[in-house]
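Chemist: for reference, the sequence and a predicted model appear below.
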Amino acid sequence: MDVQAFDFELPEALIAQTPLQNRTASRLLTLNKATGETAHRSFENLIDYLEAGDLLVMNDTRVIPARLFGTKKETGAKVELLLLKQLGEDRWEALVKPGKRMQLGAVAEFGKDDAGQPLLTAEVVEVGDMGARVLQFSYTGIFNEILDRLGEMPLPPYIKEQLPEKERYQTVYAKHEGSAAAPTAGLHFTQEYLDRIQAKGVRLAFVTLHVGLGTFRPVSVDKIEDHQMHAEYYILSQETADLINETKRSGKRIIAVGTTSCRTLETAAGISREQGGGKNGEPLAIQPSQGWTSIFIYPGYDFGIVDALLTNFHLPKSTLLMLISALAGQDYIMRAYEEAVREQYRFFSFGDAMLIY
């Protein structure tokens, strides 16, 4: 399938630069995936589309202050890092700018202690494509505490404004540290609104997927089938698996909050299918699992778990636009996006929301 099929004109003015003061004040475009019917609502109206017994599945990853600014040890030249994936033993995959300054063996330094020594150093031990590096860190103390002191929140490159409050780029249920970007569909919820949803009889479940390099890497091939997704680490617990299976058996809906939750659920569905699950018309039962997923969902994909999806508005020609097109159909999605542009919805991380049901 041609990547150009997922292109559309997006005025730069529609890219939301700052979050709304009230998380639930965003607009909500709803799309019926069976009919293509759309409606323009407020995010506060999401509850009207939820029924008792439905299950909202959310990604509880927590964004780390993964952007570091330092200097190259040998020359003092400025260096910027974006930490993407923890590899163990103080090794991280990261994006480095400018990459030409940080080749194999180069060392960068960050911060100073009272004696004038760097608080953190990073040596390039592997060189990858598009500025990707594997770094070996050295420090004294606790890495996360040093990162909290030195790091900044890694806002996407299309957001030019500074974020005065770090917690505004976290969901209210963020728990497990490890992401290079927020699961932005969840940014619309407050705890009070989640309490209202639960009071209606809707249940909540949590998965973890640490958002990594795939979020920042564009589709650079002509045919989407040739694109390779970057692996990201996920966890789906026994408790969540039980809630999903119980919801499926009762005939109620699984509603993924965000594309990261969706990819985690469908990764688990793929494992179940490989084990022979979902045959003879039985609901697909999933088991707890964790590991690395590089699942790429695009039109033609057969969803095993997800019935509905709450998401933000995505980039032209992005893998996330392809994912939602797999759920609702490419024609319906592109028409809905034309409508969103015409109605001046706010796009991307701090933008408005869309419910595909």
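Modeler: Cool, the structure landed. None of these values were measured; they are calculated from a predicted model.
Chemist: would you map the helices across the protein?
Modeler: Secondary structure of the chain by DSSP state H: the helices cover 143-150, 191-199, 238-249, 259-274, 319-328, 330-342.
Chemist: tell me the mean pLDDT over the longest one?
Modeler: Spelled out, it's helix 259-274. The predicted model assigns helix 259-274 a mean pLDDT of 96.
Chemist: circling back: closest one to Gly212 among the helices of the chain?
Modeler: Closest approach to Gly212 among the helices of the chain (Cβ to Cβ): helix 259-274, 10.3 Å. C-betas here are computed from N, CA, C, even on glycine.
Chemist: what packs against that closest one?
Modeler: Where contact means 3 or more Cβ pairs under 8 Å, 6 or more residues apart in numbering; DSSP states H and E, helix 259-274 is packed against strand 55-59, strand 203-209, strand 232-236, strand 254-257, strand 289-293, strand 308-312, helix 319-328.
Chemist: now with 6 Å, please.
Modeler: Judged by 3 or more Cβ pairs under 6 Å, 6 or more residues apart in numbering; DSSP states H and E, helix 259-274 is in contact with strand 55-59, strand 203-209, strand 289-293.
Chemist: figure out which of the ones you listed is closest to Leu194.
Modeler: strand 203-209 (6.7 Å).
Chemist: so where is the stretch 201-350 of the chain shaky, pLDDT-wise?
Modeler: 213-217 (pLDDT under 70).
Chemist: cutoff 80 now
Modeler: Regions of the stretch 201-350 of the chain meeting the criterion pLDDT under 80 cover residues 213-218, 278-283.
Chemist: what's in contact with stretch 46-63?
Modeler: Here stretch 46-63 makes contact (Cβ atoms under 6 Å, 6 or more residues apart in numbering) with 169-170, 173-179, 182-183, 186, 197, 201-210, 243, 247, 250, 252-258, 260-261, 355, 357.
Chemist: quick one, domains of the protein?
Modeler: Following automatic domain parsing, one finds the domains of the chain at 3-63+165-356, 67-150.
Chemist: out of the ones you listed, indicate the one that is most buried.
Modeler: Mean neighbours per residue, mean count of other Cβ atoms under 10 Å, is largest over the domains of the chain for domain 3-63+165-356, with a mean of 18.
Chemist: return the distance of it from the chain's centre.
Modeler: Centroid displacement of domain 3-63+165-356 relative to its chain, using Cα atoms, centre = their mean, to the nearest Å, is 8 Å.
Chemist: residue contacts, the residue lying farthest from the centre of the chain?
Modeler: The outermost residue of the chain relative to its centre, with distances by Cα atoms, centre = their mean, is Ala115 at 39.7 Å. Residues counted as contacts of Ala115 (Cβ under 6 Å, 6+ apart): none.
Chemist: and the pLDDT at it?
Modeler: Model confidence at Ala115, given as pLDDT, is 91.
Chemist: would you confirm that Lys166 contacts Gly151?
Modeler: No - look at Lys166 against Gly151 with Cβ atoms under 6 Å: they stay out of range, at 9.8 Å.
Chemist: ok, and the closest non-adjacent residue to Gly351?
Modeler: Sequence neighbours aside, Ala16 is the residue nearest to Gly351 in space, at 4.1 Å (criterion: Cβ to Cβ, 6 or more residues apart in numbering).
Chemist: the one you found and Gly141, how far apart?
Modeler: From Ala16 across to Gly141, the span is 37 Å (Cβ to Cβ, to the nearest Å).
Chemist: again with Gly270
Modeler: Gly270 sits 41 Å away from Gly141, going by Cβ to Cβ.
Chemist: cool, Lys160 as well?
Modeler: From Lys160 to Gly141 the distance is 33 Å (Cβ to Cβ).
Chemist: now swap in Asp114 and tell me
Modeler: For Asp114, the distance to Gly141 (Cβ to Cβ) stands at 13 Å.
Chemist: repeat for Phe303
Modeler: In this view, Phe303 and Gly141 are 45 Å apart by Cβ to Cβ.
Chemist: and what of Tyr337?
Modeler: Distance from Tyr337 to Gly141, counting by Cβ to Cβ: 47 Å.
Chemist: re earlier: out of the helices of the chain, which is closest to Ala5?
Modeler: Ranking those by their distance to Ala5 (criterion: Cβ to Cβ) puts helix 330-342 first, at 6.4 Å.
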